[in-house]
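>>> this one's sequence-less:
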């Protein structure tokens, strides 16, 4: 089925991602003058593949709503007159560097812009592919970061979106990591509360 795009989308970038014993063709549609993003996902599996019916695909306009990002990823937010960053990928949390791996990291430079103060900044699209190391064939999380320059205001706006493709076993594993992290946070907070009680 073809995807009908409005006038807001005038660029596309396509990825072909191996998954189980097939592929996903992922189109990233965006606009050269804004941070708008849209995904199109097309599976490419043989007719006999049983997994294609048991794969979950989730898209996230807000990365903070993603359990994967909440558990494994450190996000960056920052706002001032010339910079507006929301949920930018910063790094994999240090305690999970052996559990989460990069699959790819690609950048597309759309233009170089010179700001009034003489600085050169780049209008760009950056794409990060991450997976859980134990189930690399069954899980992929793609973060798309759009850096857009509003030249007349001398301002950079950074927005990110995500798409997650996963089998049920990979979702279960992610839930286990998430629960383990919540338990650690709860125990840490409980220790702090007990430690601050003043004994008379």
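All right, it came through fine. Not measured: the values here are computed from a predicted model.

>>> which ones are touching residue 113?
By Cβ atoms under 8 Å, 6 or more residues apart in numbering, the contact list for residue 113 reads 120, 121, 122, 123, 149, 151. Glycine gets a C-beta too; all of them are placed from N, C-alpha and C.

>>> buried residues in the longest strand along the chain?
When the chain is parsed with DSSP state E, its longest strand is strand 100-114. Of the residues in strand 100-114, 100, 110, 113 count as buried by neighbour count, 16 or more other Cβ atoms under 10 Å.

>>> Buried residues of the following helix or strand past that strand, list them for me.
Note on strand 100-114: by DSSP states H and E, the next helix or strand toward the C-terminus is strand 120-132. Neighbour-count burial for strand 120-132 flags 121, 123, 124, 125, 126, 127, 128, 129, 130, 131, 132 (criterion: 16+ other Cβ under 10 Å).

>>> again with stretch 89-97
89, 92, 96.

>>> Run through the strands of this structure in chain order.
Using DSSP E, strands in the chain cover 11-19, 22-30, 37-44, 55-60, 73-80, 83-92, 100-114, 120-132, 139-150, 155-167.

>>> Below-threshold pLDDT in the protein: ranges please.
Counting by pLDDT under 70, the chain contains low-confidence ranges at 1-8, 47-53, 186-200.

>>> Can you name the residues bridging to the spatially most central residue of it?
Centroid-nearest residue in the chain, with Cα atoms, centre = their mean: residue 143, separated by 2.4 Å. Beta-bridge partners recorded for residue 143 (DSSP bridges): residue 128, residue 162.

>>> what's near enough to touch it?
63, 73, 89, 127, 128, 130, 160, 161, 162.

>>> Please repeat the previous calculation with a cut-off of 10 Å.
60, 63, 66, 68-69, 73, 75, 87-89, 105, 126-130, 160-164 (Cβ atoms under 10 Å, 6 or more residues apart in numbering).

>>> can you check residue 157 too?
Counted by Cβ under 10 Å, 6+ apart, residue 157 has contacts 34, 35, 83, 84, 85, 86, 146, 147, 148, 149, 150.
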